[in-house]
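S.K.: need a 3D model of the sequence below.
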Amino acid sequence: MATDSFSDDSAESLNEDFIKEALREELVEPQTILVGPEWLHQHAQIETSCAQSESDGQLNILFEKDMWIADTGASNHGTFSDIGGRNVQATESSNLGFSGEAQKVQKLMDIPGQFVTQDGSMGMRAVLTGVGHTPSCNFNLLSLTKLMQNGWRITRGDETAIEMTHPSTGDVIVFDHVVRTKSGAIYATRFVREVEVSCASTESGTKMNITKAHALLGHINEEDTRQIAKDLRWTITRGKLRACEHCAIAKARQKNVVKFSTAEKSTTPGQRVFLDGTKLTIPKEGGGEYVIDRKIMTGIVDEATGKKWLIFTTSKAKMVEPVVEWLTTMKGLGRHVKLIRVDPGGENIKLEKRLKNVDCAHLAPVKCELTARDTPQHNSLIEVSFPYLAGLARAMMISARIPDSVRPKVAATAILTACQLDGLKLVKVGGVTATRDAHMYGKNPSWTRNM
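M.R.: So this is what the prediction gives:
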């Protein structure tokens, strides 16, 4: 559902005494106008200056690209970030704050995404249409006046939240992030764009709540969290895991992938694996992507246990030797990989030829099973692993409040961490229930005692 729709033309907007709008009478549809960012920034500075010592964390959340402030002084939605934007159009619009010079709106765009409440519950999917992009602005603004012009009504408002409902659809938008100021409050909502990633003692007997265990184990689901905690002999205090906002945000950015396979499943750990590669990308403000040195991520998944491994290289072709080294290591651990399921990509053809060389005789017999082109369902075990691990990594980085500019430097490490933690998941193989690592290596990693 789109929250609004309007046309583009040139105009200059004015915000005086907090709300005053200028529309061109000759337009059939309302003029595209962005009002308020300059004024709002000054207003927020004044309001919060006396209370920053106790609410710096709350104020900082307003600078996130997925956080949108409820504004009655803006006649159109506005954003400082163009990540996730589509249907981009040129514009001559500008915005004029309470003081200072008018700021040029660079472009108009539609932003698809999903609303997420503070407790992590997934809300309405929507498309914010005709959003004004002004990079110099400090905050994202969601125009309440524009919403009301399109049928939305304020149905609740108190010290905890402002709620807007569309009477014809029943859809709800909740501004439940409340930043207290000296003389009032700023209300905001989280709208996740569709794009696209502490030290604690955990010896046996460690006691913690389910929320902490969920975070320590890389934001996996509650059932797996409890099973792993029991296996590691952690004591989980009473209480259920509340909806995790960080997980909800990560999932909202995750795309659907085919999730079935046509092959008979192997029941011997390490005998048959699925292998594929993908490019690690992180979008950049203003378009494009951040430069990542080892941007190619090759994933390997054991069919019997679901145990995963990752290899990062600068190109797909360079994954061949690291895979040969991995196979050699596995053979030395008593896990002889005999079948490798891959798609018919050029790098996989090179791997198949490499394994036939005389210096790979110690790995024999090993065979590459080539799937047909454009049939990801035949290699689904690894296909679904990439978005799964990326989602866990995103949740960890969001929870740690890692700035967007820093994420390219730590994304690979976060994904590797998610991959290692996934090895602690309990699975049943051959009638025995144990962690994936225990099935594969005979024991859990030593680092589980000092995570």
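
S.K.: any chance you could map the helices in the stretch 101-250 of the chain?
M.R.: Using DSSP state H, counting those that start in this stretch, the helices of the stretch 101-250 of the chain run over 144-149, 210-216, 222-231, 245-252.

S.K.: the third one packs against which elements?
M.R.: Helices and strands touching helix 222-231, as assessed by 3 or more CB pairs under 8 Å, 6 or more residues apart in numbering; DSSP states H and E, comprise helix 210-216, strand 426-429, strand 432-435. Heads up, the C-betas are built off the backbone N, CA and C, glycines and all.

S.K.: roughly how far out does it sit from the chain middle?
M.R.: Offset of helix 222-231 from its chain centre (CA atoms, centre = their mean, to the nearest Å): 23 Å.

S.K.: how about that helix: buried residues?
M.R.: Within helix 222-231, the residues scored as buried using 16 or more other CB atoms under 10 Å are 224-229, 231.

S.K.: off-centre distance for stretch 293-313?
M.R.: Worked out by CA atoms, centre = their mean, stretch 293-313 lies 19 Å from the chain centre.

S.K.: list the buried residues of that stretch.
M.R.: Within stretch 293-313, the residues that qualify as buried by neighbour count (16+ other CB under 10 Å) are 295-313.

S.K.: and it, how far apart are its ends?
M.R.: Counting by CA to CA, to the nearest Å, you get 8 Å between the two ends of stretch 293-313.

S.K.: dump the helices of the stretch 101-250 of the chain to a markdown table, plus mean pLDDT and distance to Asn138.
M.R.: As requested, the helices of the stretch 101-250 of the chain are arranged in a markdown table below (pLDDT from 0 to 100; distance: least, CB to CB, whole Å):
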| stretch | mean pLDDT | distance to Asn138 |
| --- | --- | --- |
| helix 144-149 | 92 | 19 |
| helix 210-216 | 78 | 30 |
| helix 222-231 | 81 | 37 |
| helix 245-252 | 66 | 21 |
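
S.K.: for stretch 166-173, list every residue counted as buried.
M.R.: Those would be 166, 171-173, for stretch 166-173 by 16+ other CB under 10 Å.

S.K.: could you export stretch 362-371 as CSV, CA atoms only?
M.R.: Output of stretch 362-371 as CSV, limited to C-alpha atoms (Å, rounded to 0.1, in the frame of the first residue of the first chain):
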residue,chain,number,x,y,z
HIS,A,362,44.7,-37.5,-1.8
LEU,A,363,41.1,-36.1,-2.0
ALA,A,364,39.9,-38.9,-4.3
PRO,A,365,37.2,-40.0,-4.8
VAL,A,366,35.5,-36.6,-4.9
LYS,A,367,33.0,-35.5,-7.6
CYS,A,368,31.3,-32.3,-8.5
GLU,A,369,27.6,-32.6,-9.1
LEU,A,370,26.7,-29.8,-11.6
THR,A,371,23.1,-28.6,-11.5
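
S.K.: mind putting the helices of the stretch 101-250 of the chain into a markdown table with distance to Thr134?
M.R.: A markdown table is the format used below for the helices of the stretch 101-250 of the chain (distance: least, CB to CB, whole Å):
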| stretch | distance to Thr134 |
| --- | --- |
| helix 144-149 | 16 |
| helix 210-216 | 35 |
| helix 222-231 | 41 |
| helix 245-252 | 24 |
